[in-house]
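>>> When you get a sec, could you give me coordinates for this:
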Amino acid sequence: MAFADYQNEIYFAALGGRTPDFPMDYATLEAKAAAALPTSLHSYIAGGAGDELTQRRNVEAFADWGVVPRMLVGAAQRDLSVSAWGLTFPSPIFMAPVGVIGLVGDKHGDIAVAEAAAKTGVPAVFSTLMEDPLEEVIGHAGTTPSFFQLYTPKDRDLAASLVSRAETAGYRGITVTLDTWVPGWRPRDLSSGNFPQLRGHVLKNYTTDPVFRKMVGSDDPQSIVLHWVQTFGNPLTWDDLAWLRSLTELPIVLKGISHPEDARRAIDAGVDGIYCSNHGGRQANGGLSALETLPGVVEACDDRVPVLFDSGVRSGTDVIKALGLGATMVGIGRPYVYGLALGGVSGLVHVLRMLLAEADLLMAVNGYPDIAAVRANIRPSR
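Residues are numbered from 1 along each chain as shown. Below you'll find the predicted structure:
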């Protein structure tokens, strides 16, 4: 079934008097989710670093690119499938890691994400910061591959334990986030002193880990948080990549790469994927958008490894543009969180299907039978 068929489902349901349960555009989705979420949680999800210039630029940068339609090519069938690390995915999107997703909805958001992955075939990258242990989450994803995102702790034994648990549980790759060893300056959260982890939230992967439990030595909540603070952030260097590589035979993807030279050096050091991202503008302000850095990173990778991308993606059109600029797969962040906030698994599935339907229809109308055709017909708009 083509992803575009979701449009037909909606129109035919309306003939029977049923209109969509959830918004069909990002602006309305965001506004309704803001009203539905607790204020502190919405602030944490929606906020960015500094005056949020980079966060805004992430979104606005997509307007700097346009796609040129090609007619009379008969793109009645479109192939949006992609392959990476020996796996084939039915679509080029994935759910990016979100550290507080476990608090969204019924406070089992990680499991809800896995269930949505099972229903749609859209894979998820699950954060180290989970409200349910990683072993209890993955089974809900069914046959859809799951990936584990690692915030590398200072304690190497703890890092090795987390990676080993993920590999044993069946996760298919490890995404190492490089830009979050210390929190960025986030005025929205600072104004209310809002930091969920310091209140003991989303720490289940730590409290169920034998190495961490040995470090803490008790079940005292304050002691748990104190030890988490002391070990959380490890500013990795190039010298650490050999150690990371030694921890697992799973593919290792480095998240936060924006400079071509960093991409080349990382691949030379043996990593299996590059993840071009600026954390959605949450960690550092004042930089370029992630989309502006994507073409240089893609060129530097030279098809040696898959290139993942996120930051600022708000629509199926954005997905197509990121693919056009060379991304292998495109990560969805805030939109899927808002879908979960509004309607649980059903709301999240709706958002994913909505994005894919728009992307598929854009390819159909513009005469693109596959992603290669998108890449051949994307141009700067100014």
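>>> pretty sure residue 32 contacts residue 23?
Yes. With contact defined as Cβ atoms under 8 Å, residue 32 reaches residue 23; the gap is 6.1 Å. C-beta coordinates here come from the backbone N, C-alpha and C atoms, glycine included.
>>> more neighbours, those two?
Between residue 32 and residue 23, residue 23 has the larger neighbour count (other Cβ atoms under 10 Å), namely 20 against 17.
>>> Pick out the residue closest to the middle of this protein.
The C-alpha lying nearest the average C-alpha coordinate of the chain belongs to residue 96 (Cα atoms, centre = their mean; 1.0 Å).
>>> so how far is the helix or strand where residue 224 lies off the chain centroid?
Residue 224 is part of helix 221-231, with elements assigned from DSSP states H and E. The chain centroid and the centroid of helix 221-231 are separated by 27 Å under Cα atoms, centre = their mean, to the nearest Å.
>>> who does it touch, helix- and strand-wise?
In terms of contacts (3 or more Cβ pairs under 8 Å, 6 or more residues apart in numbering; DSSP states H and E), helix 221-231 is packed against helix 204-207, helix 210-216.
>>> circling back to that earlier point, find the residues that touch each one of residue 32 and residue 23.
Residues touching both residue 32 and residue 23 by Cβ atoms under 8 Å, 6 or more residues apart in numbering: residue 342.
>>> contacting residues around residue 285?
Counted by Cβ under 8 Å, 6+ apart, residue 285 has contacts 48, 49, 50, 51, 52, 53, 54, 55, 184, 185.
>>> try residue 339
22, 29, 33, 347, 348, 349, 350, 351, 352.
>>> List the residues that contact the closest residue to residue 280 other than its chain neighbours.
Closest residue to residue 280 apart from its sequence neighbours, by Cβ to Cβ, 6 or more residues apart in numbering: residue 311 at 5.0 Å. Going by Cβ under 8 Å, 6+ apart, residue 311 touches 58, 277, 278, 279, 280, 281, 289, 290, 291, 333.
>>> Name the SS class of residue 311, please.
Following DSSP: H, G, I helix; E, B strand; the rest coil, we place residue 311 in the coil state.
>>> that older thread, now, which of the contacts of residue 339 sits nearest residue 111?
Closest approach between those and residue 111, by Cβ to Cβ: residue 348, at 11.5 Å.
>>> Tell me which other helices or strands the helix or strand containing residue 266 touches.
Per DSSP H and E: residue 266 is located in helix 260-268. Applying 3+ Cβ pairs under 8 Å, 6+ apart, we find helix 260-268 packed against strand 273-276, helix 290-301.
>>> quick one on the thing from earlier: write the ChimeraX selection for whichever of the contacts of residue 285 are buried.
One line in ChimeraX is enough to select the buried members of those, burial here meaning 16 or more other Cβ atoms under 10 Å:
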select :48,49,52,54,55,184
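>>> Let's have the contacts of residue 285 in a markdown table, adding pLDDT.
Output for the contacts of residue 285, formatted as a markdown table (pLDDT from 0 to 100):
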| residue | pLDDT |
| --- | --- |
| 48 | 96 |
| 49 | 97 |
| 50 | 97 |
| 51 | 96 |
| 52 | 97 |
| 53 | 97 |
| 54 | 97 |
| 55 | 97 |
| 184 | 95 |
| 185 | 96 |
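>>> Confirm for me that residue 179 is in contact with residue 287.
No. Taking Cβ under 8 Å as the definition, residue 179 is not a contact partner of residue 287, at 10.6 Å.
>>> Overlap in contacts, these two.
residue 278.
>>> ok, longest helix in the chain?
In the chain, assigned by DSSP state H, the helix with the most residues is helix 334-366.
>>> Low-confidence stretches in the protein?
Applying pLDDT under 70 to the chain flags the ranges 1.
>>> switch to 90 and redo it
Scanning the chain for pLDDT under 90 picks out 1, 105-107, 192, 233, 287, 382.
>>> can you pull out the strands in it?
For the chain, applying DSSP state E gives strands covering 65-67, 82-84, 87-89, 93-95, 124-126, 146-150, 174-177, 252-255, 273-276, 307-309, 329-332, 378-380.
>>> With mean neighbour count as added columns, please give those strands in CSV.
Converted to CSV, those look like this (neighbours: other Cβ atoms under 10 Å):
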stretch, mean neighbour count
strand 65-67, 18
strand 82-84, 18
strand 87-89, 13
strand 93-95, 27
strand 124-126, 28
strand 146-150, 26
strand 174-177, 24
strand 252-255, 25
strand 273-276, 28
strand 307-309, 27
strand 329-332, 24
strand 378-380, 12
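>>> That's all I had, so thanks and see you.
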